[in-house]
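Peer 1: from the sequence below, what's the structure:
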Amino acid sequence: MNNSEKAEHIFLAGVKGVLPGKLIGDLFSVRGSILKIDYLSFDLEKTGNIFVLGAGKAGAAMGHYVEKTPGMRITEGHIITKYGHYCKLDHIKVTEAGHPVPDQNSFRATEEILQIADKASDNDLVICLLSGGGSSLLADCPENTTPEEIIRLNELLVNCGADITEMNSVRKHLSKVKGGQLAKRIWPASSVTLLISDVTGNKTDTIASGPTVPDNSTFSDALHVVDKYNLAGKISPGLLNHLHEGVRGDRPETPKPGDAVFEKAVTLIAGDIKTALQSSKSEAENLGYNTFILTDELFGDPEGACSWFREMIFRYKDDNSIQKPVCLLFGGELTVNVTGKGKGGRNQHLALTAALRLGDIPGITFLSAGTDGNDGNTNMAGAVIDSDTVHDAQSKYIYPEKYLTNFDSFNFFKSAGGHIYTGPTMTNVMDIVVILI
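Peer 2: Have a look, this model is predicted:
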């Protein structure tokens with residue numbers, strides 16, 4: 001096994017550590033009439049209907065393991081997942097829809113989820129299964145606007161350079177389901193939300209745009225994002241007017257901390273990037289690497305990140321007190337402001353940037369890949385490079401600078417080699433970077 005293959009094994013171990021079967025299966029059990037969800041207990045003899053609602057790339061797989069809990073009973077449910085992430089469930093309807101931009105399936109299925117939420121009454125239990133991708137998949141539009149206007153807005157948000165918190169502050173204030181508003185529809189029933197986190201710091205109000213938790217953002221915050229990224233002239237007048245009406249107080253704010261709709265709502269983190277990194281660390285150590293997790297909150301842009309990676313590489317490479325070989329692990333999610341017309345995603349773009357910025361350091365292998373198996377507008381998870389990638393590419397008349405400038409990392413790696421392919425993993429806890437020294 002060469003170093004690139006070892007880096008891929010280390011990455012895949014991280015993915016396996018956050019698969020829904022492991023995360024959800026360990027949380028649910030039924031003994032007698034008592035349903036336990038982690039530390040919570042519900043007497044099934046005193047509980048009315050049990051509804052299961054969900055959205056996200058891992059949603060259908062999460063629902064599968066809830067259904068398979070021995071003794072579990074489910075009245076009705078509906079989960080929206082990304083195309084290619086479908087699995088047939090016995091008691092829960094599954095709809096595949098668009099991501100990272102919603103489509104008509106997103107809007108139709110979200111309306112059906114709200115109809116189920118409205119059925120829940122005082123002694124019912126609603127289990128909500130949310131994971132990365134939920135912000136796009138759980139989609140609706142304000143009155144007097146159209147789904148097409150929201151679809152266009154999402155396209156702009158995804159490509160403007162805004163981070164996930166900024167994007168979601170806008171999405172929440174143009175929705176009747178995001179930003180705690182699903183909890184408002186569920187109340188007065190009890191609810192338990194299980195999250196597979198795909199955001200830095202496990203901010204529950206950001207994961208899937210926080211449909212069942214209090215929202216700390218405001219209409220003013222949403223409008224600030226629109227102004228910051230010069231989107232006012234690009235989004236529809238109807239959506240812009242809706243935000244201005246909210247700022248003036250003509251529209252109700254999203255539910256805030258302390259609202260009564262959250263009194264019977266509990267939120268649990270089922271898995272996150274920390275879980276994945278620990279699994280990757282164990283695999284790296286099994287392969288003989290002295291392994292260090294340097295951060296689970298990687299953020300910023302690829303150029304800035306590579307400057308930091310370079311500093312960390314030399315720190316560990318040149319320290320004779322640190323036993324070699326070394327594996328450095330990072331988790332998080334960078335932001336790429338796309339200005340070219342190429343094909344790729346943030347992981348492939350980062351790997352190509354690393355090939356150019358770190359390639360002069362001998363003995364380095366660098367991998368960046370998404371735990372969901374899908375990087376940007378491609379079917380690849382990411383890419384792996386080493387100290388010879390640029391030289392080898394140039395010897396074949398493949399010039400990486402041109403591909404980087406055009407944001408065409410996919411076609412660079414398609415020509416030069418180095419793609420990481422997993423197919424849909426049915427989970428999502430952001431991205432993993434593996435550096436082998």
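Peer 1: list the contacts of stretch 148-163.
Peer 2: 100-103, 107, 136, 139-141, 167, 170-171, 174, 225, 228-229, 231, 234-236, 238-239, 299, 335-338 (Cβ atoms under 8 Å, 6 or more residues apart in numbering). For every residue, glycine as well, the C-beta is placed using N, CA and C.
Peer 1: can you show me the CA trace of that stretch as CSV?
Peer 2: Only the C-alpha atoms of stretch 148-163 are listed here, as CSV (Å, rounded to 0.1, in the frame of the first residue of the first chain):
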residue,chain,number,x,y,z
GLU,A,148,-38.0,29.3,-8.6
GLU,A,149,-37.1,32.4,-6.7
ILE,A,150,-35.8,30.4,-3.8
ILE,A,151,-33.9,28.1,-6.1
ARG,A,152,-32.2,31.1,-7.7
LEU,A,153,-31.4,32.5,-4.2
ASN,A,154,-29.8,29.2,-3.1
GLU,A,155,-27.6,29.1,-6.3
LEU,A,156,-26.4,32.6,-5.4
LEU,A,157,-25.8,31.8,-1.8
VAL,A,158,-23.8,28.7,-2.6
ASN,A,159,-21.4,30.5,-4.9
CYS,A,160,-21.1,33.9,-3.4
GLY,A,161,-18.5,33.0,-0.7
ALA,A,162,-20.9,33.2,2.3
ASP,A,163,-20.3,30.7,5.1
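Peer 1: okay, buried residues for that stretch please.
Peer 2: By neighbour count on 16 or more other Cβ atoms under 10 Å, the buried set for stretch 148-163 is 149, 150, 151, 152, 153, 154, 156, 157, 158, 160, 162, 163.
Peer 1: where does this protein have its least confident helix or strand?
Peer 2: helix 20-25 (a mean of 89; mean pLDDT, DSSP states H and E).
Peer 1: state the mean pLDDT of the helix or strand following that one.
Peer 2: Tracing the chain C-terminally past helix 20-25 and defining elements by DSSP states H and E, one meets strand 28-31 next. The average pLDDT within strand 28-31 is 95.
Peer 1: re earlier: of the contacts of stretch 148-163, grab the buried ones for ChimeraX.
Peer 2: Filtering the contacts of stretch 148-163 down to the buried ones (16+ other Cβ under 10 Å) takes a single ChimeraX command:
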select :100,101,102,103,107,136,139,140,141,167,170,171,174,225,229,231,235,236,239,299,336,338
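Peer 1: which ones among the contacts of stretch 148-163 are found in strands?
Peer 2: Assigned to strands by DSSP state E, none of the contacts of stretch 148-163 qualify.
Peer 1: select from the contacts of stretch 148-163 every entry located in helices.
Peer 2: 107, 136, 167, 170, 171, 225, 228, 238, 239 (DSSP state H).
Peer 1: farthest pair in those?
Peer 2: Using Cβ to Cβ, the ones in helices among the contacts of stretch 148-163 span at most 27.1 Å, a distance reached by 107 and 228.
Peer 1: host element of residue 433?
Peer 2: With DSSP H and E as criterion, residue 433 is part of strand 431-436.
Peer 1: just how off-centre is that strand within its chain?
Peer 2: 17 Å (Cα atoms, centre = their mean, to the nearest Å).
Peer 1: now swap in stretch 399-410 and tell me
Peer 2: Centre to centre, stretch against its chain (Cα atoms, centre = their mean), the figure for stretch 399-410 is 25 Å.
Peer 1: how long is that stretch end to end?
Peer 2: Terminal residues of stretch 399-410 are spaced 13 Å apart (Cα to Cα, to the nearest Å).
Peer 1: could you pull out the helices for the stretch 101-250 of the chain?
Peer 2: For the stretch 101-250 of the chain, the helices defined by DSSP state H, counting those that start in this stretch occupy 104-119, 134-137, 147-159, 164-172, 181-186, 219-228, 237-248.
Peer 1: and those helices: which comes nearest residue 202?
Peer 2: Between the helices of the stretch 101-250 of the chain, helix 164-172 lies closest to residue 202; by Cβ to Cβ that is 12.4 Å.
Peer 1: let me know the angle separating that closest one from helix 147-159.
Peer 2: Interaxial angle, helix 164-172 versus helix 147-159 (axes from the mean of the first three to the mean of the last three Cα atoms, to 10 degrees): 170 degrees.
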